[in-house]
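**Student:** After the sequence you'll find the predicted model.
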Amino acid sequence: MIELATRVFTADSVAALNQDDMAAAYQSALMTYLQDGTEEALMAAFTLARRALAVDLPVSDLAVFHADALRALPPNPAPDQGGCDRPMNFMVEFLSVYDMALQGYKKTVPLLTTEISERRRAEQQLRAATMELAFERDSLDAKVVARTRELGEKAAHLLATLDQLRQTNREQAEFTYAISHDLKSPSNTITMLIDELRLGYEHLLDGDAVELLELAQQTANRMRRLVDDVLSYSRCIETHPEHEPVYLDALVTEIVADLRYDIERTRAVLSFPVFPVLIGNRMQLKL
């Protein structure tokens, strides 16, 4: 029976309701509640009240529905305890919900009207903001495309330049290696000749000549080491050289010895502070 009451008031059939339908639904729902007295059955009064308000049914007609439903009841419709109060409970529930819904409707309509106006105004503002955002997005997309293309061109140019630099470094390394290799042979020859000179004629030379011969040999040895350093440098142009502690005091002493001729020729006077120890590549620091 309760299914009949709820079935009549589906969303698709509210507009077609009439008083006969409402009376039948009310009688059916009341009968069901009188029979079992459950909260679920009582909730039919809540549903009926909302549907009655939806079709503008007056309260007088509701009272008639209730009276007709009571007259149509069979004897002893609710034999369990408290059954005599159920018709009144159902009617009170129905009217309470109807009154609350009606009062809420009267108060809510102006609020809803104002809310609808505000919502429409907000929707207009939202549409305007959406159009503005769409324009900004399109403009930003165009800027991103242009910037991406520009960065791509720059990246291609940098890659081409990097390839050229690598090629230049390879050519420089090959040239440096060839020159250093060519210089190593005469350097070794000079060292060999000085050694032969000392072995064969050192006993014929005076002290100054022996000292000069010793300096010449030291210079030849430094020249050979310098050529070896240049060869090592040519091999590490495109690689990362190994780092190690470099004692700058000893390194500067070697450099001064290599430049002894220029220092004496120009009568330069050199003074040095106490140099620190650095972590680096000794050959590159010396160069």
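**Tutor:** Cool, the structure landed.

**Student:** Please list all residues in contact with residue 277.
**Tutor:** Counting by Cβ atoms under 8 Å, 6 or more residues apart in numbering, residue 277 makes contact with 245, 246, 247, 248. Where you see a C-beta, it was placed from the backbone N, CA and C, and this is true even at glycine.

**Student:** Could you list which of those residues belong to strands?
**Tutor:** 245, 246, 247 (DSSP state E).

**Student:** got the residues you listed as CSV, with distance to residue 95 and pLDDT columns?
**Tutor:** Putting the ones in strands among the contacts of residue 277 into CSV (distance: Cβ to Cβ, whole Å; pLDDT from 0 to 100) gives the following:
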residue, distance to residue 95, pLDDT
245, 100, 94
246, 103, 92
247, 106, 92
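
**Student:** Which one (most neighbours) among those residues?
**Tutor:** residue 246 (19 neighbours; other Cβ atoms under 10 Å).

**Student:** what bridges to that residue?
**Tutor:** Beta-bridge partners for residue 246, by DSSP bridges, are residue 278.

**Student:** For it, which residues are in contact?
**Tutor:** 277, 278, 279, 280, 281, 282, 285.

**Student:** Can you flag the buried ones in those?
**Tutor:** In the contacts of residue 246, burial by neighbour count holds for 281, 282, counting by 16 or more other Cβ atoms under 10 Å.

**Student:** List just the nearest of the contacts of residue 246 to residue 223.
**Tutor:** Taking Cβ to Cβ as the measure, residue 223 lies nearest residue 282 of the contacts of residue 246, at 17.3 Å.

**Student:** gap between that closest one and residue 227?
**Tutor:** 16 Å (Cβ to Cβ, to the nearest Å).

**Student:** Buried ones in stretch 131-145, by neighbour count?
**Tutor:** Buried residues in stretch 131-145, counted by 16+ other Cβ under 10 Å: none are found.

**Student:** Please name every helix or strand in contact with the one helix or strand residue 135 maps to.
**Tutor:** Element membership for residue 135 (DSSP states H and E) is helix 86-201. Under the contact criterion of 3 or more Cβ pairs under 8 Å, 6 or more residues apart in numbering; DSSP states H and E, helix 86-201 touches helix 19-36, helix 39-54, helix 59-71, helix 207-235.

**Student:** Would you mind measuring from residue 176 to residue 218?
**Tutor:** Residue 176 is 25 Å from residue 218, by Cβ to Cβ.

**Student:** ends of stretch 261-281, how far apart?
**Tutor:** 26 Å (Cα to Cα, to the nearest Å).

**Student:** Was I right to think residue 187 contacts residue 224?
**Tutor:** Yes. Counting by Cβ atoms under 8 Å, residue 187 does reach residue 224; the two are 4.7 Å apart.

**Student:** between those two, who's got more neighbours?
**Tutor:** The residue with more neighbours, out of residue 187 and residue 224, is residue 187; 20 against 16, by other Cβ under 10 Å.

**Student:** residues in contact with that one?
**Tutor:** So residue 187 contacts 220, 223, 224, 227 (Cβ under 8 Å, 6+ apart).

**Student:** Just the buried residues of stretch 164-176, please?
**Tutor:** Within stretch 164-176, the residues scored as buried using 16+ other Cβ under 10 Å are 173, 176.

**Student:** Could you export it as CSV, CA atoms only?
**Tutor:** Output in CSV follows, covering the C-alpha atoms of stretch 164-176 (Å, rounded to 0.1, in the frame of the first residue of the first chain):
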residue,chain,number,x,y,z
GLN,A,164,83.0,23.9,-34.3
LEU,A,165,84.8,24.4,-31.0
ARG,A,166,85.3,20.7,-30.6
GLN,A,167,86.7,20.5,-34.1
THR,A,168,89.0,23.4,-33.4
ASN,A,169,90.1,21.8,-30.1
ARG,A,170,90.9,18.5,-31.9
GLU,A,171,92.8,20.4,-34.6
GLN,A,172,94.7,22.4,-31.9
ALA,A,173,95.5,19.2,-30.0
GLU,A,174,96.8,17.5,-33.1
PHE,A,175,98.9,20.5,-34.0
THR,A,176,100.2,20.9,-30.5
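
**Student:** pLDDT of it, averaged?
**Tutor:** For stretch 164-176, mean pLDDT is 77.
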